[in-house]
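Enquirer: My questions concern the predicted model and sequence given below.
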Amino acid sequence: MSETATKTSWTNNPIKQPKKIKVNLSFSEEQYRALCKGFVPQEMEDKWFIYHEDDWLYFHHSWVHCGIYRARLTKKQNGVVIEEFEVERHPKIYRNEDEEDIVIFATLIAHLLLKIDVRELGIVPTLCSDDNALKLWSIYGNAMFGPLSREELDRCFQETSKKRDAKNGTKTRKKK
(Lines give C-alpha, C1' and ligand atoms only; values in the text may rest on other atoms or scores of the structure.)
Protein backbone atom coordinates (compact mmCIF):
# COMPACT_ATOMS: atom_id res chain seq x y z
CA MET A 1 0.00 0.00 0.00
CA SER A 2 1.51 3.33 -1.02
CA GLU A 3 -1.30 5.74 -0.15
CA THR A 4 -1.31 7.50 3.18
CA ALA A 5 -4.52 6.86 5.06
CA THR A 6 -6.61 9.86 6.08
CA LYS A 7 -9.86 10.14 7.99
CA THR A 8 -11.73 10.32 4.67
CA SER A 9 -10.07 7.19 3.20
CA TRP A 10 -12.74 4.92 4.73
CA THR A 11 -16.10 5.29 6.45
CA ASN A 12 -15.52 5.56 10.19
CA ASN A 13 -17.31 6.36 13.45
CA PRO A 14 -15.71 7.55 16.69
CA ILE A 15 -15.39 5.54 19.88
CA LYS A 16 -18.55 6.02 21.93
CA GLN A 17 -17.50 4.70 25.35
CA PRO A 18 -13.69 4.88 25.70
CA LYS A 19 -11.65 3.16 28.38
CA LYS A 20 -7.96 4.03 28.87
CA ILE A 21 -5.39 1.25 29.06
CA LYS A 22 -1.78 1.91 30.06
CA VAL A 23 1.02 0.63 27.81
CA ASN A 24 4.63 1.55 27.15
CA LEU A 25 5.40 1.35 23.43
CA SER A 26 8.39 3.21 21.96
CA PHE A 27 9.07 3.88 18.29
CA SER A 28 11.99 5.31 16.34
CA GLU A 29 11.61 8.25 13.96
CA GLU A 30 11.53 5.82 11.03
CA GLN A 31 8.81 3.76 12.72
CA TYR A 32 6.90 6.97 13.49
CA ARG A 33 6.77 7.77 9.77
CA ALA A 34 5.37 4.28 9.13
CA LEU A 35 2.74 4.76 11.87
CA CYS A 36 1.66 8.05 10.29
CA LYS A 37 1.08 6.35 6.94
CA GLY A 38 -1.77 4.31 8.46
CA PHE A 39 -3.50 1.43 6.74
CA VAL A 40 -6.38 1.33 4.27
CA PRO A 41 -7.93 -2.13 3.78
CA GLN A 42 -7.56 -3.47 0.26
CA GLU A 43 -9.71 -6.57 0.63
CA MET A 44 -12.36 -7.95 2.95
CA GLU A 45 -9.85 -9.98 4.95
CA ASP A 46 -7.85 -6.91 5.96
CA LYS A 47 -10.50 -6.02 8.59
CA TRP A 48 -8.85 -2.82 9.86
CA PHE A 49 -8.65 0.84 8.82
CA ILE A 50 -6.00 2.91 10.62
CA TYR A 51 -5.18 6.57 10.13
CA HIS A 52 -3.11 9.28 11.83
CA GLU A 53 -4.45 12.74 12.59
CA ASP A 54 -3.19 15.45 14.96
CA ASP A 55 -0.78 13.11 16.81
CA TRP A 56 -3.46 10.43 17.28
CA LEU A 57 -3.71 6.98 15.69
CA TYR A 58 -7.27 5.80 15.06
CA PHE A 59 -8.10 2.10 14.58
CA HIS A 60 -11.47 1.20 13.06
CA HIS A 61 -12.92 -2.20 12.30
CA SER A 62 -13.35 -1.85 8.54
CA TRP A 63 -16.49 -3.99 8.23
CA VAL A 64 -18.64 -2.08 10.69
CA HIS A 65 -16.72 1.23 10.58
CA CYS A 66 -16.60 1.49 14.39
CA GLY A 67 -13.68 3.04 16.20
CA ILE A 68 -12.10 0.38 18.40
CA TYR A 69 -8.75 1.89 19.48
CA ARG A 70 -7.29 5.39 19.65
CA ALA A 71 -3.78 6.29 20.81
CA ARG A 72 -1.87 9.54 21.25
CA LEU A 73 1.66 9.57 19.83
CA THR A 74 3.87 11.61 22.16
CA LYS A 75 7.11 12.93 20.68
CA LYS A 76 10.25 12.23 22.69
CA GLN A 77 13.93 12.87 22.11
CA ASN A 78 14.59 9.74 20.01
CA GLY A 79 11.16 9.08 18.51
CA VAL A 80 7.64 8.70 19.85
CA VAL A 81 5.87 6.74 22.57
CA ILE A 82 2.38 5.49 23.24
CA GLU A 83 1.82 5.52 26.99
CA GLU A 84 -1.86 4.62 26.88
CA PHE A 85 -4.59 3.95 24.38
CA GLU A 86 -8.34 4.12 24.46
CA VAL A 87 -10.53 1.15 23.61
CA GLU A 88 -14.25 1.01 22.84
CA ARG A 89 -16.17 -0.43 25.78
CA HIS A 90 -19.76 0.15 24.65
CA PRO A 91 -21.19 -3.36 25.15
CA LYS A 92 -23.22 -3.31 21.93
CA ILE A 93 -20.18 -2.36 19.87
CA TYR A 94 -17.15 -4.19 21.27
CA ARG A 95 -16.46 -6.51 24.21
CA ASN A 96 -13.04 -7.74 25.21
CA GLU A 97 -10.62 -8.00 28.13
CA ASP A 98 -7.91 -5.37 28.63
CA GLU A 99 -5.03 -7.86 28.37
CA GLU A 100 -6.35 -9.23 25.10
CA ASP A 101 -6.78 -5.71 23.75
CA ILE A 102 -3.15 -4.88 24.56
CA VAL A 103 -2.04 -7.86 22.45
CA ILE A 104 -4.43 -7.01 19.60
CA PHE A 105 -3.42 -3.34 19.63
CA ALA A 106 0.32 -4.16 19.60
CA THR A 107 -0.15 -6.79 16.89
CA LEU A 108 -2.02 -4.39 14.62
CA ILE A 109 0.75 -1.83 14.99
CA ALA A 110 3.47 -4.41 14.41
CA HIS A 111 2.01 -6.05 11.33
CA LEU A 112 -0.19 -3.51 9.58
CA LEU A 113 1.83 -0.37 10.26
CA LEU A 114 5.42 -1.53 10.83
CA LYS A 115 5.23 -4.55 8.46
CA ILE A 116 6.69 -6.96 11.03
CA ASP A 117 5.85 -10.64 10.58
CA VAL A 118 4.05 -11.17 13.89
CA ARG A 119 4.73 -14.91 13.83
CA GLU A 120 8.32 -14.02 14.74
CA LEU A 121 7.24 -11.98 17.78
CA GLY A 122 5.48 -14.83 19.54
CA ILE A 123 2.68 -12.58 20.82
CA VAL A 124 -0.09 -14.08 18.72
CA PRO A 125 -0.77 -17.81 18.54
CA THR A 126 -0.44 -19.18 15.03
CA LEU A 127 -3.69 -19.57 13.19
CA CYS A 128 -3.56 -23.38 13.14
CA SER A 129 -2.24 -24.07 16.62
CA ASP A 130 -5.07 -22.45 18.56
CA ASP A 131 -8.51 -23.89 19.25
CA ASN A 132 -9.80 -20.33 18.76
CA ALA A 133 -8.68 -20.10 15.13
CA LEU A 134 -12.00 -18.65 14.00
CA LYS A 135 -11.93 -15.99 16.72
CA LEU A 136 -8.34 -15.06 15.88
CA TRP A 137 -9.14 -14.80 12.19
CA SER A 138 -12.25 -12.71 12.90
CA ILE A 139 -10.18 -10.29 14.98
CA TYR A 140 -7.04 -10.04 12.87
CA GLY A 141 -7.86 -11.21 9.37
CA ASN A 142 -4.76 -10.76 7.26
CA ALA A 143 -3.07 -8.98 10.18
CA MET A 144 -2.38 -12.44 11.63
CA PHE A 145 0.56 -12.55 9.24
CA GLY A 146 -0.69 -11.54 5.81
CA PRO A 147 -2.47 -13.42 3.07
CA LEU A 148 -1.91 -17.17 3.13
CA SER A 149 -1.06 -19.22 0.09
CA ARG A 150 -3.65 -21.78 -1.03
CA GLU A 151 -1.43 -24.57 0.34
CA GLU A 152 -1.19 -22.87 3.76
CA LEU A 153 -4.96 -22.37 3.88
CA ASP A 154 -5.56 -26.03 3.00
CA ARG A 155 -3.08 -27.16 5.69
CA CYS A 156 -4.71 -24.89 8.29
CA PHE A 157 -8.14 -26.21 7.36
CA GLN A 158 -6.98 -29.82 7.67
CA GLU A 159 -5.16 -29.25 10.99
CA THR A 160 -8.04 -27.31 12.53
CA SER A 161 -10.56 -29.90 11.30
CA LYS A 162 -8.50 -32.77 12.75
CA LYS A 163 -8.36 -31.06 16.15
CA ARG A 164 -12.10 -30.37 16.11
CA ASP A 165 -12.87 -33.93 15.01
CA ALA A 166 -10.65 -35.42 17.73
CA LYS A 167 -12.33 -33.24 20.32
CA ASN A 168 -15.88 -34.01 19.09
CA GLY A 169 -15.36 -37.62 17.98
CA THR A 170 -16.36 -36.80 14.38
CA LYS A 171 -14.67 -37.02 11.00
CA THR A 172 -14.39 -34.23 8.42
CA ARG A 173 -14.92 -35.20 4.80
CA LYS A 174 -11.98 -34.70 2.50
CA LYS A 175 -12.20 -32.04 -0.19
CA LYS A 176 -12.58 -33.37 -3.75
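Expert: That came through, no problem.

Enquirer: which ones are touching the most centrally placed residue in the chain?
Expert: Closest residue to the average C-alpha location of the chain: Leu108 at 3.6 Å, with C-alpha atoms, centre = their mean. Going by C-beta atoms under 8 Å, 6 or more residues apart in numbering, Leu108 touches 48, 50, 59, 69, 140, 143. Backbone N, C-alpha and C define where each C-beta goes, glycine included.

Enquirer: same check, this time on Lys115
Expert: Ala34.

Enquirer: SS state for it?
Expert: Using DSSP: H, G, I helix; E, B strand; the rest coil, the structure places Lys115 in coil.

Enquirer: Look up how far Leu35 lies from it.
Expert: Using C-beta to C-beta, to the nearest Å, Lys115 is found at 11 Å from Leu35.

Enquirer: And the pLDDT for the residue lying closest to Lys47 once chain neighbours are set aside?
Expert: Closest residue to Lys47 apart from its sequence neighbours, by C-beta to C-beta, 6 or more residues apart in numbering: Gly141 at 3.5 Å. We have a pLDDT of 76 for Gly141.

Enquirer: Gly141 and Glu45 touch, don't they?
Expert: Yes. With contact defined as C-beta atoms under 8 Å, Gly141 counts as touching Glu45 (4.5 Å).

Enquirer: okay, those two: which has more neighbours?
Expert: When neighbours are counted by other C-beta atoms under 10 Å, Gly141 comes out ahead of the other of Gly141 and Glu45, with 21 against 16.

Enquirer: Contacts for stretch 91-103, please.
Expert: The contact list for stretch 91-103 (C-beta under 8 Å, 6+ apart) reads 16-17, 19, 21, 23, 61, 66, 68-69, 87-89, 104, 123-124.

Enquirer: Which of those residues fall in strands?
Expert: Taking DSSP state E, the ones among the contacts of stretch 91-103 that sit in strands are 19, 21, 23, 61, 68-69, 87-88.

Enquirer: how much space is there between the residue nearest to Ile116 when sequence neighbours are not counted and Asp54?
Expert: In space, Ile116 comes closest to Ala110 once its chain neighbours are excluded; the distance is 4.3 Å by C-beta to C-beta, 6+ apart. The gap separating Ala110 from Asp54 is 23 Å, by C-beta to C-beta.

Enquirer: Please enumerate the helices of this structure.
Expert: Using DSSP state H, the helices found in the chain span residues 29-37, 98-108, 133-140, 150-168.

Enquirer: Could you list the low-confidence segments of the chain?
Expert: In the predicted model, the chain carries pLDDT under 70 at residues 1-2, 118-134, 144-161, 163-164, 171-176.

Enquirer: Looking at Ala110 and Asp54, which is more packed in?
Expert: Legend: neighbour count by other C-beta under 10 Å for Ala110 and Asp54, higher for Ala110 (19 against 6).
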